[in-house]
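Peer 1: Give me coordinates for this.
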Amino acid sequence: MSNSPVRTQAKGAGRVSAEGNSAVGEHGVSKRSKGADRDDSHPREAAPKKAAEKAGVKKAAAKKAVAKKAAPEKAPAKKAAPEKAAPKRAAGSRSESRLAMVRRARRINRELAEVFPYAHPELDFRNPFELLVATVLSAQTTDLRVNQTTPALFARYPTPEDLAAAVPEEVEELIRPTGFFRAKTKSIMGLAAALRDDFGGEVPGRLEDLVKLPGVGRKTAFVVLGNAFGVPGITVDTHFMRLARRWRWTESDDPVKIEAEVAEIFPKSDWTMLSHRVIFHGRRICHARKPACGACPIAALCPAYGEGETDPEKAAKLLKYEKGGYPGQRLNPPADYPGRPAPPAPGVAPGAVQRPSGAE
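Peer 2: Numbering: from 1, shown residues only. I've put the predicted structure just below:
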């Protein structure tokens, strides 16, 4: 009796143990095997993918590192760009705005006014008629040559009526030194006759009347209007044309277009004196073939700086007329002219040299 409960318990425990083992065997073991299968298979497949991902991240990081290292190398190249630009040429660069160009042009005019306060027409004359004839004769020659020629001409033919009635061959001989003397004789005798017949022997003070005269174009007309009548005008001669292009006030080579474009830059009241200053600068410093850049007072405003001699000592030797210590072009210059008067033509009697101009 005493043993039966024990056996019963043992049998019950055996059943429980068997049932528990069977449960573990059927369910627990199968779950572990399935889990084990997953644990064994996926890590093997994921490892290459993770390695590839890590390799890609490393490559991307390496590229970024290389890019960061290369960036400072490009930066100095951008900083070096301003060093290549010439400070004196930057003001008139091709990218210069219209407003900046106008301001620079007007500053040039102000600077030239200080350099050449005595700028004036470099033809000797005493009245509008003499200035008109002298300007026609100045084509294709120097003002000095004209000034050495006109004293004898005006001593013999002082009025339009006198010149209109002259013998052509005699006039040709008098003006021969100016060149193209036959064509010029026809022009000055023709304009003298027109003044006599159409304007009562007086030089007209209107542009539209002046340009109708033989041998008179816009340039000659503006010289006469500006200096004999006080009418503002821009004189586009070879010097003015050259400098207007060098300073990039215009890109045209047509005198009429240059005149119109420059007229838009400056006030009308400045036109006549602007012309004198630019022409003075072109004759003395900014020469056609070899500009004296190293002696130029407006070099910092000039886009063409460097086209000529930049060495100050060498450039100083290129200066002409009063700037170089030489005589000027007028035999009778204005009282404020700082240079020496030009000498009369060889062989001309002192009494033939005309008196100082009263028209100025």
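
Peer 1: show me what contacts Leu163?
Peer 2: Applying C-beta atoms under 8 Å, 6 or more residues apart in numbering to Leu163 gives the contacts Val133, Tyr157, Val171, Ile188, Met189, Ala192. Just so you know, the C-beta spots here come from the backbone N, C-alpha and C atoms, and that holds for glycine as well.

Peer 1: and which of these is nearest to Lys290?
Peer 2: Val133 (33.1 Å; C-beta to C-beta).

Peer 1: any idea how far the residue most central in space within the chain is from Arg145?
Peer 2: By C-alpha atoms, centre = their mean, the chain has its centre lying nearest to Arg248, at 3.3 Å. Remark: distance between Arg248 and Arg145 (C-beta to C-beta, to the nearest Å) = 32 Å.

Peer 1: And Leu318, by the same measure?
Peer 2: 21 Å.

Peer 1: what about the two, which has more around it?
Peer 2: Applying other C-beta atoms under 10 Å to Leu318 and Arg145 shows that Leu318 carries more neighbours, namely 20 against 17.

Peer 1: Which is the succeeding secondary structure element to the helix or strand in which Glu161 is found?
Peer 2: Assigned by DSSP states H and E, Glu161 belongs to helix 160-164. Going down the chain from helix 160-164, the next helix or strand is helix 168-175, by DSSP H and E.

Peer 1: Would you mark the buried spots in the helix or strand just after that following helix?
Peer 2: For helix 168-175, the following helix or strand on the C-terminal side (DSSP H and E) is helix 181-198. The neighbour-count check on helix 181-198 (16 or more other C-beta atoms under 10 Å) flags 181, 184-185, 187-196 as buried.

Peer 1: Count residues in the vicinity of Leu112, would you?
Peer 2: Neighbour tally, Leu112, other C-beta under 10 Å: 21.

Peer 1: was I right about it contacting Val278?
Peer 2: Yes: taking contacts as C-beta atoms under 8 Å, Leu112 lies within contact range of Val278: 7.0 Å.

Peer 1: what about the closest residue to Ala299 other than its chain neighbours, distance to Thr178?
Peer 2: Among residues not flanking Ala299 along the chain, Tyr305 sits closest, at 5.0 Å (C-beta to C-beta, 6 or more residues apart in numbering). According to C-beta to C-beta, Tyr305 stands 35 Å off from Thr178.

Peer 1: do the same with Glu161
Peer 2: From Glu161 to Thr178 the distance is 22 Å (C-beta to C-beta).

Peer 1: between these two, who's got more neighbours?
Peer 2: Of the pair Glu161 and Thr178, Thr178 is the one with more neighbours under other C-beta under 10 Å, namely 22 against 13.

Peer 1: could you list every residue that touches the more buried one?
Peer 2: Thr178 makes contact with Leu137, Ser138, Thr141, Arg145, Val146, Thr149, Lys184, according to C-beta under 8 Å, 6+ apart.
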